[in-house]
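Asks: Below is the structure, and that's it, no one-letter string:
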């Protein structure tokens, strides 16, 4: 056996070891398409489970790409197009990885898809930092496919060994990264590895405090930001924005109160009042929407709305400093200041 043949066989064997990872990674991406279009209808904005709502969940604590996410959730028609394109790309990449077709190129696209997941949803995960793990492992696995290729158990290998005219085309050579050889390949592997590991540590720290300091998980307890609170002749107005908590579970508002400077309740709205709040009193800004439920006002993760509450005694309040306080069914409260002038 010549040294060249031995090296080739050793390289193929090493690449073959990635077969389980390639098949599983391929299915994780193809299954997104399978779940959304075959097993269920998750690309329909008018049905429960619309994936656009899940995309909206990313918004409050996304890293670097928050403006992009906010654009889409404020333009539902563009969001739907984006979700269809993203789903089709995931299907193509996933199926190609399973078959081992254009494996190196698909690995690069997989890393980019995983990067988007990481930056958008890496902060989510109630138990095992789910989305962060999916993101960083997807980036690393994609890089592995870029440099290793599909191995003997792939469509790429079949086409190349049979010298198909398809693989003789210069485009194939370019997208198969044939130009990435020798010293270039060594530098690329080290650069990708350092990038993936550095990004892993950085995002683990930013999202979860997982490298040093105090651990935190923003997916455990609901947090609602209250702002722009004011008392007008039309009623009490404020903006509510749900920024933390589990993405699969809403915050259930069961009470709203106006407190004076001494912390004494002046006016209050009960759970029944909030549950019967008319739709025109809630001006939602994003795809995920705050709405009245059977027994409370429901605030999904990422939802933001301007809310107006009526009360016959609002006009009786004297000028001064107040707070509007929101009460969650868990007992958590959130508030914002109000100054009522004599004008």
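Replies: Done, it's in. These numbers were taken from a predicted model, which means no experiment stands behind them. Residues are numbered from 1 along each chain as shown.
Asks: in the protein, which spans are strands?
Replies: Counting by DSSP state E, the chain has strands at residues 223-232, 235-244, 251-260, 265-269, 282-284, 291-292, 297-299, 304-309, 320-328, 333-340.
Asks: residue ranges with poor pLDDT in the chain?
Replies: By pLDDT under 70, the low-scoring segments of the chain are 1-12, 342-343.
Asks: Give me the most central residue, it.
Replies: The chain has residue 121 as the residue nearest its centroid, 3.1 Å off, counting by CA atoms, centre = their mean.
Asks: got the contact list for that one?
Replies: By CB atoms under 8 Å, 6 or more residues apart in numbering, the contact list for residue 121 reads 57, 58, 62, 131, 135. Every residue, glycine included, has its C-beta placed from N, CA and C.
Asks: Check the strands of the chain for me and report the most buried one.
Replies: The highest mean neighbour count among those, using mean count of other CB atoms under 10 Å, belongs to strand 297-299: a mean of 25.
Asks: Tell me which strands that one pairs with, and in which orientation.
Replies: strand 251-260 (antiparallel), strand 291-292 (antiparallel) (DSSP bridges).
Asks: Now do the buried residues in stretch 131-146.
Replies: 131-132, 134-146 (16 or more other CB atoms under 10 Å).
Asks: From those residues, pick the one nearest residue 231.
Replies: residue 131 (40.1 Å; CB to CB).
Asks: For that closest one, which non-adjacent residue is spatially closest?
Replies: With sequence-adjacent residues excluded and distances taken as CB to CB, 6 or more residues apart in numbering, residue 131 is closest to residue 121, at 3.9 Å.
Asks: How about residue 218?
Replies: Per CB to CB, 6+ apart, closest to residue 218 is residue 244, 4.5 Å.
Asks: repeat for residue 225
Replies: Closest to residue 225 by CB to CB, 6+ apart is residue 241, at 4.5 Å.
Asks: just to revisit the earlier point, taking the contacts of residue 121 one by one, which sit in helices?
Replies: Mapping the contacts of residue 121 onto helices (DSSP state H) picks out 57, 131, 135.
Asks: Nearest to residue 25 among these?
Replies: Closest approach to residue 25 among the ones in helices among the contacts of residue 121 (CB to CB): residue 135, at 12.8 Å.
Asks: right, and the closest one touches residue 203 too?
Replies: Yes - using CB atoms under 8 Å, residue 135 is in contact with residue 203, at 7.5 Å.
Asks: so what sits against both of the two?
Replies: Contacts common to residue 135 and residue 203, judged by CB under 8 Å, 6+ apart, are 118, 119, 122.
Asks: For the first one, the count of nearby residues, please.
Replies: A count of nearby residues for residue 118, using other CB atoms under 10 Å, gives 25.
Asks: Return the residues in contact with it.
Replies: Each residue near residue 118 by CB under 8 Å, 6+ apart is listed here: 131, 132, 134, 135, 136, 138, 139, 199, 203.
Asks: picking that back up, specify the beta-bridge partners of the residue nearest to residue 225.
Replies: Following DSSP bridges, residue 241 is listed with bridge partners residue 225, residue 304.
Asks: What segments of the stretch 51-200 of the chain are helices?
Replies: With DSSP state H, counting those that start in this stretch, the ranges of helices along the stretch 51-200 of the chain come out as 51-57, 66-73, 76-99, 103-121, 130-148, 155-161, 165-168, 170-175, 182-208.
Asks: helices or strands up against the last one?
Replies: For helix 182-208, the contact count by 3 or more CB pairs under 8 Å, 6 or more residues apart in numbering; DSSP states H and E identifies helix 103-121, helix 130-148 as packing neighbours.
Asks: Mind doing that once more with 6 Å?
Replies: Using 3 or more CB pairs under 6 Å, 6 or more residues apart in numbering; DSSP states H and E as the contact test, the elements touching helix 182-208 are helix 130-148.
Asks: Pretty sure residue 238 sits against residue 229.
Replies: Yes - using CB atoms under 6 Å, residue 238 is in contact with residue 229, at 4.0 Å.
Asks: and for these two, which residues touch both?
Replies: residue 324 (CB atoms under 6 Å, 6 or more residues apart in numbering).
Asks: List just the one of the strands paired with strand 297-299 that sits closest to residue 27.
Replies: Among the strands paired with strand 297-299, the nearest to residue 27 by CB to CB is strand 251-260 (34.3 Å).
Asks: centre of the chain versus that closest one, how much separation?
Replies: 29 Å (CA atoms, centre = their mean, to the nearest Å).
Asks: and that strand with strand 304-309, angle?
Replies: Angle, strand 251-260 to strand 304-309, by axes from the mean of the first three to the mean of the last three CA atoms, to 10 degrees: 50 degrees.
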